[in-house]
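**Student:** here's a sequence, model it:
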Amino acid sequence: AGAARESGNVFNIQLAADEETETLLSLKLTSAPPSNSTPQLQLTTTGHTIQKQTATGPQTTILAGDMAYAIWLAPTAEWQAYLDARAADECDFITLNLCFNTSGKQTDYAGNYSITTPSNGSATAWTSGQAFYGPAFMATIRAIVDYCKTKNMYVFIYPSWGTSFFQKVTSDQVAAEFGTYIANFFKDDAHVNYIVLGEANAAGRQPLPAAQLSLINSLATAMQAISPNKLMGIMPAGDDGAGHTLNVNPPLLSTSTWLDMYIAQTYDVSSYQSEIMADYYNYSPNRPTFDVEPGSYDGATYLAFNVRYCVIHSMMKGAGILSWADDKVWAWKAGVTSAYPADGFVATKYLKRLIRSRNAYDREPNANGVSGTSLIPSGAGTFSSFNQARACLAKDKSWAWVYIHDKNVTKNIDLNLITGAGNSLNLFWLNPQDGLLYDQNGVVTSGPAMVRTKVPGSVSSFTTPNVGKDWIAIIEDTSLSLIKLPGAA
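**Tutor:** Below is the predicted model of the structure:
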């Protein structure tokens, strides 16, 4: 019994108190999570946010993590060092991909690693009753998942990438068997949740055909039957080329009972990022939105500012879960250790601290305005040029945040949309690179940079401090009780 891993196993034990009386006991092995285990993720009733279970009950939260798709390529000491570094930077989770190569093989781009199971050594379709991933590979996955639990980090598992899945799985029966295999492997891991497939859409970035939708539903339904409390979603590749989300609009998968969260890949849709996030936020039923790729370091294309810019924009559009990546990390390329202290990710911990300091988990996006009126009446800029200002508003309109992309830039902000007990508003300048507050002269402060008065029918002009790179203006009613500084841990 002590060596059994899975809960639910039944052991019959015969006890003989004496030679005349015997008692047969059936003992069912159940799993009790250790005190430091990562609590199970659960949905809130609002639909836009998630909760985690704590010792004192459910707690609404926002999560930020890292794409570590191929971490299994690394030697043990290396992936442990990577997870240690991410945990130190307050990383909440990693995404772990069990198969993402389009050939259907479990290998990196240089062919340096492959699963030993012959049936997975080519793009040949799986058949019913056969083995899926090899035991040596899954032992590595088990070690990574268990280590994440010691770091209080969640793991979002991709059972397969979309292209690989559709090459290997061609029948609903095999899809269900694969789902059962995956779910049984992770069923006792409360910190594990699922992204059923990655980049799952038809060629030319079009909605999936009925046959492939059936395969996905068979896979996910089998997983849900074993682990009904694990969060599940599916990730498309960007959009359909016209700024529309795939697979959930029209509602091909949005009504599936296993779908708990919408997943976006906004980095891959460029100028349509705002529309994609707005679509997800406004879908019915409301669900949390996981922006799995709001920004990425890919060579010299995306630098720290670009990643931070994408992540903040996504957050202000209502995302409840965020992840980002360095291409050295997600593909585990040579020199990956240089990405451990990546400043783009470090900046996200200050973003989370800001959200948590105001309990701002369900924010009201302000892309095109509230009731047709925008906090930024004009001159917001364009997303794809990395010069777009973005705003969001508290549900009760007591505060607003405005992200301004550059230093010494002036923006007009309509303070009349912020309501509260009075007309006086505090403005704080939060530097997203270090999580500190600054005054108008660019000096670190512990109070507001200025106090402004709402003037009906007019807008106020704000100029960012002439230091740093980008700024978040926090504007809130002076009557609010500032429990802690926006950037504080």
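**Student:** all contacts plus neighbour counts: C-alpha atoms, from now on.
**Tutor:** OK.
**Student:** ok, residue 203 - how many residues close by?
**Tutor:** Residues near residue 203, counting by other CA atoms under 10 Å, number 10.
**Student:** for residue 141, see how far away residue 151 is.
**Tutor:** To residue 141, residue 151 is 16 Å away according to CA to CA, to the nearest Å.
**Student:** show me which of these two is the more surrounded one.
**Tutor:** Using other CA under 10 Å, the more surrounded residue of residue 151 and residue 141 is residue 151, with 20 against 17.
**Student:** need the three-state assignment for the residue lying closest to the more buried one once chain neighbours are set aside.
**Tutor:** Once flanking residues are discounted, residue 151 sits nearest to residue 87: 6.3 Å by CA to CA, 6 or more residues apart in numbering. Applying DSSP: H, G, I helix; E, B strand; the rest coil to residue 87 yields a three-state assignment of helix.
**Student:** check residue 87 and give its pLDDT.
**Tutor:** At residue 87, the predicted lDDT confidence score is 90.
**Student:** wait, what's in contact with the closest residue in space to residue 461 that isn't next to it in sequence?
**Tutor:** Take residue 461 and drop its neighbours on the chain: the residue closest to it by CA to CA, 6+ apart is residue 412, 4.5 Å away. Residue 412 makes contact with 376-378, 459-462 under the criterion CA atoms under 8 Å, 6 or more residues apart in numbering.
**Student:** buried only: go through these for me.
**Tutor:** Buried residues within those, counting neighbours by 16 or more other CA atoms under 10 Å: 376, 459.
**Student:** ok, how many other residues are close to residue 146?
**Tutor:** Residue 146 sits with 16 neighbouring residues when counted by other CA under 10 Å.
**Student:** could you say which helix or strand holds it?
**Tutor:** helix 135-150 (DSSP states H and E).
**Student:** would you list every one of the strands in the stretch 351-489 of the chain?
**Tutor:** 364-365, 390-393, 399-404, 410-413, 424-431, 436-438, 450-453, 460-463, 471-477 (DSSP state E, counting those that start in this stretch).
**Student:** rank those by pLDDT, which is bottom?
**Tutor:** Mean pLDDT, when computed for each of the strands of the stretch 351-489 of the chain, is lowest for strand 364-365, at a mean of 83.
**Student:** starting at the chain centroid, how far to it?
**Tutor:** 18 Å (CA atoms, centre = their mean, to the nearest Å).
**Student:** that one packs against which elements?
**Tutor:** strand 390-393 (3 or more CA pairs under 8 Å, 6 or more residues apart in numbering; DSSP states H and E).
**Student:** strand partners (parallel or antiparallel) of the strand it packs on?
**Tutor:** strand 364-365 (antiparallel), strand 399-404 (antiparallel) (DSSP bridges).
**Student:** isn't residue 395 up against residue 364?
**Tutor:** Yes: assessed by CA atoms under 8 Å, residue 395 is found in contact with residue 364 at 5.9 Å.
**Student:** comparing those two, which residue is more hemmed in?
**Tutor:** Taking neighbours as other CA under 10 Å, residue 395 and residue 364 compare with residue 364 leading, 21 against 14.
**Student:** quick one, what contacts the closest residue to the more buried one other than its chain neighbours?
**Tutor:** Once flanking residues are discounted, residue 364 sits nearest to residue 393: 5.1 Å by CA to CA, 6+ apart. By CA under 8 Å, 6+ apart, the contact set of residue 393 is 363-366, 399-401, 418.
**Student:** specify which member of those is nearest to residue 163.
**Tutor:** Set against residue 163, the nearest of these by CA to CA is residue 365 (33.4 Å).
**Student:** count of neighbours near the closest one?
**Tutor:** 25.
**Student:** how near is it to residue 203?
**Tutor:** When residue 365 is compared with residue 203 (using CA to CA), they lie 32 Å apart.
**Student:** one more: residue 429?
**Tutor:** Here residue 429 is placed at a distance of 45 Å from residue 203 (CA to CA).
**Student:** ok, residue 380 next?
**Tutor:** For residue 380, the distance to residue 203 equals 34 Å [CA to CA].
**Student:** could I get the pLDDT score of residue 464?
**Tutor:** For residue 464, pLDDT reads 95.
**Student:** could you do residue 116 as well?
**Tutor:** For residue 116, the pLDDT comes out at 38.
**Student:** if we can go back for a sec, which one of the contacts of residue 412 is nearest residue 165?
**Tutor:** Once CA to CA is applied, the member of those that ends up nearest residue 165 is residue 376, at 44.2 Å.
**Student:** the closest one: what's it in contact with?
**Tutor:** So residue 376 contacts 389-391, 411-414 (CA under 8 Å, 6+ apart).
**Student:** just the helices in this structure please.
**Tutor:** 76-88, 135-150, 162-168, 172-186, 210-226, 273-282, 304-316, 327-330, 343-357 (DSSP state H).
**Student:** between those helices, which one is closest to residue 51.
**Tutor:** When the helices of the chain are compared by CA to CA, helix 343-357 sits nearest residue 51, at 12.8 Å.
**Student:** so which elements touch the closest one?
**Tutor:** strand 63-67, helix 304-316.
**Student:** quick check: which helices or strands does the last one pack against?
**Tutor:** Helix 304-316 is packed against helix 273-282, strand 296-297, strand 321-326, helix 343-357, strand 390-393, with contacts defined by 3+ CA pairs under 8 Å, 6+ apart.
**Student:** what angle separates it from helix 343-357?
**Tutor:** If you take axes from the mean of the first three to the mean of the last three CA atoms, to 10 degrees, helix 304-316 sits at 30 degrees to helix 343-357.
**Student:** could you give the mean pLDDT of helix 304-316?
**Tutor:** Rounded mean pLDDT across helix 304-316 is 82.
**Student:** what angle sits between that helix and strand 471-477?
**Tutor:** Computed by the same axes, to 10 degrees, the angle separating helix 304-316 from strand 471-477 equals 30 degrees.
**Student:** centre of the chain versus helix 304-316, how much separation?
**Tutor:** So, by CA atoms, centre = their mean, the centroid of helix 304-316 is 13 Å from its chain's centroid.
**Student:** and what of stretch 71-79?
**Tutor:** Mean-position distance between stretch 71-79 and its chain equals 22 Å (CA atoms, centre = their mean).
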